[in-house]
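>>> here is my input, please return the structure:
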Amino acid sequence: MISVNGLSVGFGGTNLYENVSFLISNKDRIGLAGKNGSGKSTLLKILAGIKKSYEGKVSIPKGCTIGYLPQDMVHNLGKTVFDETATAFDEIKKLERRIDEITHLLETRTDYESDEYMDLITELNEVNDRYVVMGASSMEGDIEQTLIGLGFEQKDFTRMTDEFSGGWRMRIELAKILLQKPNVLLLDEPTNHLDIESIQWLESLLKNYYGAIVMVSHDKVFLDATTIRTIEISSGKIYDYKANYSKYVQLRKERREQQAAAAKNQQKFIEKTEQLINKFRAKASKASFAQSLIKKLDKLEIIEIDDEDTKSVKFNFPTATRSGIVVVEAAGLKKSYDKNTIFSDVDYIIERQEKIAFVGRNGEGKSTMVRLIAGQEEFEGKLNIGINVNIGYYAQNQTESLDVNKTVLNTVEEEATEGSAIHLRTFLGSFLFRGDDVEKKVSVLSGGEKARLAMCKLLLQPYNFFVLDEPTNHLDMRSKEVLKKALMEYNGTLIIVSHDRDFLQGLTNKVFEFSGGKVKQHIGDISEYISSRKIEHLSKLDVKEKIRSEQTIGKTDSVYVEKKKQEKERKQLQNRISKVENVIERLENEIKLTDKKLADPLQYLNIINDKSALAKYDEAKKQLDIEMQRWQDLQGLLI
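Numbering: from 1, shown residues only. As a prediction, the model looks like this:
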């Protein structure tokens with residue numbers, strides 16, 4: 001589908017890629033791998049046609065549509081969530097106009113055997129195929145289904161996009177791209193602002209997506225579930241693996257072991273050849289032989305062993321002063337925006353050296369709570385910060401606070417204390433900003449590099465209480481591992497908001513669950529919490545509680561039986577939804593066909609004078625309204 005040949009890109013004096021080539025085929029599921037700053041996001045921009053300064057050739061077939069979700073984007077304001085999402089179907093309107101144009105041309109032309117006439121027929125078929133793929137007959141239903149899948153509720157559809165955070169606006173952009181159904185999806189960190197339920201919904205959608213997908217993600221579980229091919233960018237080259245991420249890691253290790261063995265054998269060959277050259281160079285009878293050996297060495301391509309994966313963030317938290325025993329105390333805490341109450345009657349005490357995970361569905365108030373603790377929001381009730389507590393707050397949008405016009409070094413210089421100023425370059429080096437990297441402008445950094453710089457800036461101050469809201473967004477796999485290790489060794493107090501179960505595992509000793517406007521406390525780490533709630537996956541926190549019938553005498557309390565029952569009920573519900581969707585599609589097609597006849601002057605009078613046809617038309621529209629309401633009700637039960 002898309003062919004990349006001899007691609008070379010230089011950036012800041014460094015070659016991101018040198019003469020790389022690969023092919024993206026229809027229905028490919030590709031994950032891009034490589035360290036932060038290796039050029040993954042840049043490659044997506046090239047494929048999307050946004051970055052045009054490169055050498056080589058990127059060939060995209062005529063008619064191939066591309067949908068691109070960047071890490072950072074400009075959001076459109078001034079419309080409701082539903083209306084903004086509906087702009088995804090602008091292409092359908094263009095297709096409808098083109099179908100009408102071609103149909104008119106075919107009706108008025110008489111050169112039936114000409115190439116131009118056949119070209120019109122070919123184009124009409126292609127446009128009609130695209131029209132069907134776009135789902136023109138079920139626009140509103142598709143919009144609702146996609147928004148609900150991404151975590152919106154029915155009541156959100158009429159709210160203005162201005163009311164939502166950047167993360168929720170990103171979901172609207174993702175919904176628009178998914179609804180456009182492009183031939184190729186380019187996704188740059190699509191899960192960064194999604195909760196677990198939405199991630200699982202997106203996984204399911206991508207598994208069954210009709211086109212090709214190329215994505216950057218640092219969510220290992222998500223990559224394993226959605227990709228079957230991994231392209232690694234390493235030292236300006238690419239390595240193509242027909243495997244998902246976990247399998248790729250294993251194959252990469254084997255490849256590097258082979259590289260090391262081959263390099264060792266090559267070095268032995270070079271040493272032996274040099275010995276022969278030195279031995280025969282001075283002998284006249286062997287001089288020509290020595291020269292041939294020299295030429296042979298000159299032409300030898302030296303085997304390089306990729307070593308960038310041995311680099312990772314290395315740091316320890318600076319020593320901080322000891323805080324009082326009580327770090328935070330809340331009583332009767334309430335937070336509302338206008339008439340919307342986020343949570344109320346919240347009571348808790350956080351003590352020194354406790355490490356607490358905030359979990360729950362997006363929109364339940366986790367980020368709001370950490371902003372309250374960080375002193376960035378007003379509230380009702382009581383919230384006291386303890387004695388000698390020094391808070392270090394990392395927000396979800398922490399990277400947005402960086403000055404894009406400053407260099408990496410300038411950014412940390414303004415935060416440095418007198419004691420740390422002389423060690424700034426060493427400190428930056430521990431965050432992989434080495435050599436000339438410290439002179440890079442923030443504006444040219446990748447999302448992962450900005451996240452590391454923001455964390456680096458935060459750690460220059462000795463905080464005894466860290467409040468971290470999604471700190472792993474944009475961090476690569478190795479950086480996440482090292483951050484987790486450092487947090488486990490940190491001797492201060494910690495609150496962390498995260499949907500990454502692997503990252504939370506073993507890190508915290510208490511869980512605060514945000515649900516239904518309340519905050520419940522659970523002792524233990526994530527695995528113990530999940531065990532106590534008798535759930536297998538953290539995502540089940542996001543599923544609404546189902547009304548359970550009264551238990552009958554002798555009914556087993558088996559979790560397995562209950563799980564099977566829920567699966568059966570869910571499957572039955574999905575079957576009912578599918579049947580309703582088929583009825584809706586049939587009714588919409590009937591109504592559309594009659595609408596076209598009414599728009600045709602030659603058929604208008606026939607329809608108007610046919611009372612049975614008009615009655616059937618009116619009945620179809622009434623039935624459509626009923627079926628749409630039924631679909632919405634069933635979707636509400638499914639969620």
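>>> secondary structure element for the residue minimising distance to the centre of the chain?
Central residue of the chain (C-alpha atoms, centre = their mean): residue 190, 1.6 Å from the mean position. Under DSSP states H and E, no helix or strand contains residue 190.
>>> quick check, pLDDT for it.
On pLDDT, residue 190 comes in at 89.
>>> beta-bridge partners for residue 467, please?
Beta-bridge pairing for residue 467 (DSSP bridges): residue 393, residue 495.
>>> wait, it sits on residue 495?
Yes. Assessed by C-beta atoms under 8 Å, residue 467 is found in contact with residue 495 at 4.8 Å. No exception for glycine: its C-beta is placed from N, CA and C like everyone else's.
>>> show me where the stretch 451-600 of the chain has helices.
Secondary structure of the stretch 451-600 of the chain by DSSP state H, counting those that start in this stretch: the helices cover 477-489, 501-504, 526-532, 559-599.
>>> helices or strands up against the first one?
When you say that, I think you mean helix 477-489. When contacts are defined as 3 or more C-beta pairs under 8 Å, 6 or more residues apart in numbering; DSSP states H and E, helix 477-489 packs onto helix 447-459.
>>> pLDDT at residue 487, what is it?
At residue 487, pLDDT is 89.
>>> that one and residue 426, how far apart?
As judged by C-beta to C-beta, to the nearest Å, residue 487 and residue 426 stand 21 Å apart.
>>> okay, the two: which has more neighbours?
Neighbour count, other C-beta atoms under 10 Å: between residue 487 and residue 426, residue 487 has more, with 19 against 10.
>>> what residues are up against the more buried one?
By C-beta atoms under 8 Å, 6 or more residues apart in numbering, the contact set of residue 487 is 355, 466, 494, 496, 507.
>>> and these, which two are furthest apart?
Using C-beta to C-beta, the contacts of residue 487 span at most 12.0 Å, a distance reached by 466 and 507.
>>> overlap in contacts, those two.
Common neighbours of residue 466 and residue 507, using C-beta under 8 Å, 6+ apart, are 487, 496.
>>> the two: who's more crowded?
Legend: neighbour count by other C-beta under 10 Å for residue 466 and residue 507, higher for residue 466 (23 against 20).
>>> wait, the more buried one sits on residue 492?
Yes. The criterion here is C-beta under 8 Å, and residue 466 meets it with residue 492 at 6.5 Å.
>>> anything in contact with each of these two?
Contact criterion C-beta under 8 Å, 6+ apart; residues shared by residue 466 and residue 492: residue 317.
>>> show me where the stretch 251-400 of the chain has its strands.
326-337, 340-351, 355-360, 380-385, 391-394 (DSSP state E, counting those that start in this stretch).
>>> out of those strands, which one sits most buried?
Most buried of the strands of the stretch 251-400 of the chain, by mean neighbour count (mean count of other C-beta atoms under 10 Å): strand 355-360, with a mean of 23.
>>> how far off strand 326-337 does it point, in degrees?
Angle, strand 355-360 to strand 326-337, by axes from the mean of the first three to the mean of the last three C-alpha atoms, to 10 degrees: 20 degrees.
>>> what residues does the closest residue to residue 398 other than its chain neighbours make contact with?
Nearest residue to residue 398, sequence neighbours excluded (C-beta to C-beta, 6 or more residues apart in numbering): residue 454, at 4.4 Å. By C-beta under 8 Å, 6+ apart, the residues touching residue 454 are 394, 398, 399, 401, 402.
>>> quick check: pLDDT value at the first one.
This means residue 394. With respect to pLDDT, residue 394 has a value of 92.
>>> might one say that it is in contact with residue 471?
Yes. Applying C-beta under 8 Å, one finds residue 394 in contact with residue 471, separated by 5.2 Å.
>>> list residues touching both of those two?
By C-beta under 8 Å, 6+ apart, residue 394 and residue 471 have these common neighbours: residue 455.
>>> neighbour count winner among residue 467 and residue 495?
Using other C-beta under 10 Å, the more surrounded residue of residue 467 and residue 495 is residue 495, with 27 against 24.
>>> quick one: contacts for that one?
350, 356, 358, 370, 373, 465, 466, 467, 468.
>>> list the contacts for residue 26?
Neighbours of residue 26 in contact, by C-beta under 8 Å, 6+ apart: 1, 183, 211, 212.
>>> by neighbours, which of the residues you listed wins?
For those, counting by other C-beta under 10 Å, the largest number of neighbours falls to residue 212: 21 neighbours.
>>> PyMOL command to pick out the buried ones of the contacts of residue 454?
Of those, the buried ones can be selected in PyMOL as follows, counting by 16 or more other C-beta atoms under 10 Å:
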select buried, resi 394+398+399+402
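>>> buried residues in stretch 500-509, which are they?
Buried residues in stretch 500-509, defined by neighbour count with 16+ other C-beta under 10 Å: 500, 501, 502, 503, 504, 507, 508.
>>> and those, which is closest to residue 58?
Comparing those against residue 58 with C-beta to C-beta picks out residue 500 as the nearest, at 33.6 Å.
>>> distance of that closest one from residue 199?
Distance of residue 500 to residue 199, given as C-beta to C-beta: 10 Å.
>>> give me the distance from the host helix or strand of residue 612 to the chain's centre.
Following DSSP H and E, one finds residue 612 within helix 611-638. Offset of helix 611-638 from its chain centre (C-alpha atoms, centre = their mean, to the nearest Å): 36 Å.
>>> report the buried residues of it.
Applying 16+ other C-beta under 10 Å to helix 611-638 flags 617, 620, 623, 624, 627, 628, 631, 634, 635 as buried.
>>> quick one: the third one and residue 587 touch, right?
Yes. The pair formed by residue 623 and residue 587 meets the contact definition of C-beta under 8 Å, at 5.9 Å.
>>> tell me, what's touching these two both at once?
In contact with both residue 623 and residue 587: no residue, using C-beta under 8 Å, 6+ apart.
>>> list the residues that contact residue 179.
Applying C-beta under 8 Å, 6+ apart, the residues near residue 179 are 85, 88, 89, 135, 142, 143, 146.
>>> among those, which pair sits farthest apart?
Taking C-beta to C-beta, the two most distant members of the contacts of residue 179 are 85 and 135; they sit 13.3 Å apart.
>>> ok, these two, which is more surrounded?
Neighbour tally, residue 85 and residue 135, criterion other C-beta under 10 Å: the higher count belongs to residue 85, 26 against 17.
>>> how is this protein partitioned into domains?
77-162, 257-309, 326-541, 559-638 (automatic domain parsing).
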